[in-house]
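A.B. asks: Structure for this input, please:
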Amino acid sequence: MLFFDHQDKQLRPGIFEDIRNPILQEQVKSRVGIFPTYTWKLAIQLAEHQKITNNKLAKLILLINDWQYIPGDQSDTDYRTEFYERFTKLPDSYLSLLEASNTISTKNICESRRHSICFPETWLKNRFQNEAARLVKQKKLEKRYLPDRPEMSEITFTDASGTTLPLISCGMTGCAGEITEMISEVYKSGSRLLVIFAPSECHSPIRKGIEVALSLYDFESVSILVADLGGSGELTHEEIFSKGAQVVTYET
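C.D. replies: The predicted structure follows:
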């Protein structure tokens with residue numbers, strides 16, 4: 001999750017251990033806590049396990065929330081562009097944890113078609129909008145114009161139980177849509193097992209995005225696990241798990 005540093009007018013990764021501006025550090029600490037470094041460490045451990053125990057290659061995916069806390073003025077796109085131009089290596093905390101491994105390295109970072117070391121959420125949202133238009137033509141998604149705003153439309157998905165889920169409304173793609181697109185991208189890269197660490201507040205829309213992806217696309221054998229592990233200012237492992245952690249698996 002990116003935050004705007006008012007001190008030097010730049011976007012910075014929301015990893016409080018790496019932030020020098022004390023005001024921003026406290027803001028990030030109270031908002032996301034240890035979620036970024038904790039989940040990165042878990043991902044490294046899982047990748048090491050795959051290599052050592054199963055002799056299989058594992059990739060690490062860095063999904064960046066680059067829209068929620070971006071300044072809302074006319075310069076927001078420039079801030080993002082400037083950030084990704086600077087973002088040529090992992091954040092210090094992430095890099096030090098990875099360099100401590102004797103099993104995996106930066107070569108295990110999964111690149112997207114947008115960036116060499118990350119999956120930007122705005123890029124996934126835009127890609128899904130293009131994909132959704134194709135899926136509407138195939139009648140896998142539905143498009144309707146809003147009665148109270150006839151100039152605007154929404155694209156929805158109806159699941160097996162008849163529940164309708166808006167994926168794109170008034171030109172804005174929800175979290176479920178971007179996760180659907182991310183799963184599609186990862187599948188095309190050859191992955192068939194995916195573990196997602198989700199902030200607690202995002203667990204439900206991420207699950208919906210997985211369900212939509214598995215319904216829309218004819219995937220071969222795929223396993224997806226999603227776990228919510230805090231992300232609301234928790235600063236210890238005990239605090240995260242004292243609230244309970246939901247873990248859900250999907251298989252085709």
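A.B. asks: any weak-confidence spans in the stretch 51-200 of the chain?
C.D. replies: Along the stretch 51-200 of the chain, the model assigns pLDDT under 70 to residues 73-77.
A.B. asks: same thing but 90
C.D. replies: 70-78, 144-153, 159-166, 169-172, 174 (pLDDT under 90).
A.B. asks: Helices of the stretch 101-250 of the chain, start to end?
C.D. replies: With DSSP state H, counting those that start in this stretch applied, the stretch 101-250 of the chain shows helices at 121-137, 175-188, 203-216, 237-242, listed in chain order.
A.B. asks: Which one of the ones you listed lies nearest to L42?
C.D. replies: helix 237-242 (10.3 Å; CB to CB). C-beta: built from backbone N, CA, C; applies to glycine.
A.B. asks: May I see the helices of the stretch 101-250 of the chain organised as JSON lines, with mean neighbour count added?
C.D. replies: Output for those, formatted as JSON lines (neighbours: other CB atoms under 10 Å):
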{"stretch": "helix 121-137", "mean neighbour count": "18"}
{"stretch": "helix 175-188", "mean neighbour count": "23"}
{"stretch": "helix 203-216", "mean neighbour count": "20"}
{"stretch": "helix 237-242", "mean neighbour count": "13"}
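A.B. asks: Minimum distance to I109: which of those has it?
C.D. replies: That would be helix 175-188 among the helices of the stretch 101-250 of the chain, by CB to CB, at 13.1 Å.
A.B. asks: Which elements pack onto that closest one?
C.D. replies: Judged by 3 or more CB pairs under 8 Å, 6 or more residues apart in numbering; DSSP states H and E, helix 175-188 is in contact with helix 121-137, strand 164-169, strand 193-198, helix 203-216.
A.B. asks: now the helices of the stretch 101-250 of the chain in a markdown table, with distance to R86?
C.D. replies: What follows is the helices of the stretch 101-250 of the chain, written out as a markdown table (distance: least, CB to CB, whole Å):
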| stretch | distance to R86 |
| --- | --- |
| helix 121-137 | 16 |
| helix 175-188 | 23 |
| helix 203-216 | 28 |
| helix 237-242 | 31 |
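A.B. asks: Nearest to I64, out of those?
C.D. replies: That would be helix 121-137 among those, by CB to CB, at 6.2 Å.
A.B. asks: OK, contacts around the residue nearest in space to the middle of the chain?
C.D. replies: With distances taken as CA atoms, centre = their mean, the residue of the chain nearest its centroid is L63 (3.9 Å). For L63, the contact set (CB atoms under 8 Å, 6 or more residues apart in numbering) comprises 118-119, 121, 182.
A.B. asks: How about P166?
C.D. replies: 154-156, 174.
A.B. asks: how far away is it from K208?
C.D. replies: Look at P166 and K208: by CB to CB, to the nearest Å, they are 10 Å apart.
A.B. asks: And the top helix by length along the chain, what does it pack against?
C.D. replies: Longest helix in the chain by number of residues, with DSSP state H as the criterion: helix 35-54. Other helices and strands packing on helix 35-54, by 3+ CB pairs under 8 Å, 6+ apart, are helix 92-99, strand 193-198.
A.B. asks: hmm, who's touching the longest strand anywhere in the chain?
C.D. replies: The residue-count maximum for a strand in the chain (DSSP state E) belongs to strand 149-158. Contacts with strand 149-158, where a contact means CB under 8 Å, 6+ apart, come from 132, 136, 141-146, 164-171, 212, 215-216.
A.B. asks: let's see it at 10 Å
C.D. replies: Contacts of strand 149-158 with the rest of the structure, by CB atoms under 10 Å, 6 or more residues apart in numbering, involve 128-129, 132-133, 135-136, 140-146, 163-173, 176-177, 180, 208-209, 211-212, 215-216.
A.B. asks: so what strands line up beside it?
C.D. replies: Paired neighbours of strand 149-158 in the sheet (DSSP bridges): strand 142-146 (antiparallel), strand 164-169 (antiparallel).
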